[in-house]
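Trainee: Structure for this input, please:
(chains A and B)
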Amino acid sequence: MTRDSSASHLGPDELDAWLAGVRVPVLLRHVEECSACLELVRAEEALVGALAALPLPAPRPGFADRVMASVRVPDPFAIRAIQAAQRRLFASRKSVAIAAGLALVLLGSMAASALWTLANRDILVAAGNWLAGEAGRWAWVGLRGAALNLIEQPWFSGFRSLIDAPGRLAVASAAMSLMYLSGVLALRRLLAGPTQRVAHANG
Amino acid sequence: MAPRLGLAARSDQDIVALARAGEEGAYRELIRRYERPLFSLLYRMVRDRELAEDLAQETFIKALNAIESYRPEFKFSSWIFKIANNAAIDHLRRRELDTLSLDGSPHAETPEAVEATALQIGDRQESPLDAVEARELGGQIEQAIAQLRPEYRSCILLRHVEGRAYEEIAEILNLPLGTVKTYIHRARNELRQALAHLRQ
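Mentor: As a prediction, this is how the structure comes out:
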């Protein structure tokens, strides 16, 4: 920094340097001789000191917990597994070549499959229809088998006579509904949290 | 959860690397390091304790959830201060809060809420007399800072309260270095004039 000590007052950069503790002899001489600059320097020093002494207020306790409740911390095991896989993949030229080859085979087979599909839509539609028909037939056979099996059960005739009379059917339905409702209420009571704080629960 | 032994001695970049590896303690260490500086900057910018805390929380959540996008060649402090400052400036643009509320949040409705949200000044002093003097001086300074334009306020707080370098402030505020220097000089001039009566 070159300056004539009798030159004009301190510039912004010189003032910054002064506040940063830099004492250039020519500046020192100027400040000693110039009452305006001396007053400015003192005022700036006092201001900067007062600003630096301002307290740093802290947020309420539990701030970190409140922040962490909304932060997604990545799973370290998943990260390590990915990193290990990457390391293995890029360990040598041979492994890179194998991975590239596999990727190429995969992409090639996907492209070939898409092309074949586009060229043979009729075959695919016919195959789809045949599969749907067969599936329907087998489902029907299964359903009939299950129904026949049910009818052959020894308790079925008793059950049939029970639901034949509307009055008995209504009573049986009401009893079953009542049992279901009681079960739901019991489950709700079991799953509800305690209404009173439990001593020592918060550690 | 207490920070893991040794985390406090590590650099920000190391802590960020641990956070990226999924270590929760590293996230908490970053919060521990920056909660006070960020909160006090935001508090002095928006002058409302609850709002400042919301903005600080928003800043940390945004930064920590995007820690993968942080580029280690830059300072972590610059990155997180930039997010905080943008949050404060966005808020000030949305709601022009230009009146000082040293006596508590403008949203506080009860005397308890007013007291709880009031800016605490001079709480590091030793004697009661010192505390009173510092509270008065601190109050005048806070009042003068509050009258500055938001850009000047960010600059002066980052430079002289948070102790950041000019270059870092330029990076945080996305401003040319010369503009930052000019803003700080103008802010100091305005503060000197506002506080001139104290020197009489």
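Trainee: and A:Trp140, how many neighbours?
Mentor: A:Trp140 is flanked by 10 other residues according to other CB atoms under 10 Å in any protein chain shown. The C-beta positions use only the backbone N, C-alpha and C, and glycine is treated the same way.
Trainee: separation between it and A:Glu134?
Mentor: A:Trp140 is 11 Å from A:Glu134, where distance means CB to CB, to the nearest Å.
Trainee: Counting residues, what is the longest helix that chain A contains?
Mentor: helix A:121-151 (DSSP state H).
Trainee: Tell me the first helix or strand C-terminal of that helix.
Mentor: Sequence order places helix A:156-164 as the next helix or strand after helix A:121-151, per DSSP states H and E.
Trainee: what inclination does that next one have with respect to helix A:121-151?
Mentor: Put simply, helix A:156-164 runs at 90 degrees to helix A:121-151, going by axes from the mean of the first three to the mean of the last three CA atoms, to 10 degrees.
Trainee: helices or strands up against helix A:156-164?
Mentor: helix A:166-191 (3 or more CB pairs under 8 Å, 6 or more residues apart in numbering or on different chains; DSSP states H and E).
Trainee: Find the nearest non-adjacent residue to the residue in chain A positioned nearest to chain B, please.
Mentor: The minimum distance from chain A to chain B, using CB to the nearest CB, falls at A:Pro76 (3.3 Å). Once flanking residues are discounted, A:Pro76 sits nearest to B:Gly22: 3.3 Å by CB to CB, 6 or more residues apart in numbering or on different chains.
Trainee: Give the helix, strand or coil label for that neighbour.
Mentor: coil (DSSP: H, G, I helix; E, B strand; the rest coil).
Trainee: neighbours of it, just the number please.
Mentor: B:Gly22: 16 neighbours (other CB under 10 Å).
Trainee: Give the phi and psi angles for it, as a check.
Mentor: Dihedral angles of B:Gly22 (phi, psi; degrees, to the nearest 10) stand at phi 90, psi 20.
Trainee: which residues touch it?
Mentor: Taking CB atoms under 8 Å, 6 or more residues apart in numbering or on different chains, we find B:Gly22 in contact with A:73-79.
Trainee: Closest to A:Arg168 out of the residues you listed?
Mentor: Each of the contacts of B:Gly22 was checked against A:Arg168 using CB to CB; the closest is A:Asp75, at 58.4 Å.
Trainee: coming back round to it: is the residue of chain A closest to chain B in contact with B:Ala26, as I believe?
Mentor: No - A:Pro76 is not in contact with B:Ala26 according to CB atoms under 8 Å; the separation is 10.7 Å.
Trainee: who has more neighbours, the two?
Mentor: B:Ala26 (24 against 13).
Trainee: Look up how far chain A lies from that one.
Mentor: 9 Å (CB to the nearest CB, to the nearest Å).
Trainee: Let me see the mean pLDDT of stretch A:67-81.
Mentor: In this model, stretch A:67-81 carries a mean pLDDT of 87.
Trainee: where does the chain have low pLDDT?
Mentor: If you meant another chain, say so; for now it's chain A. Along chain A, segments meeting pLDDT under 70 span A:1-7, A:194-203.
Trainee: ah, no, chain B please
Mentor: In chain B (pLDDT under 70), the answer is B:1-5, B:96-136, B:199-200.
Trainee: So which residue is smack in the middle of it?
Mentor: With distances taken as CA atoms, centre = their mean, B:Leu41 lies nearest the centre of chain B, 1.2 Å away.
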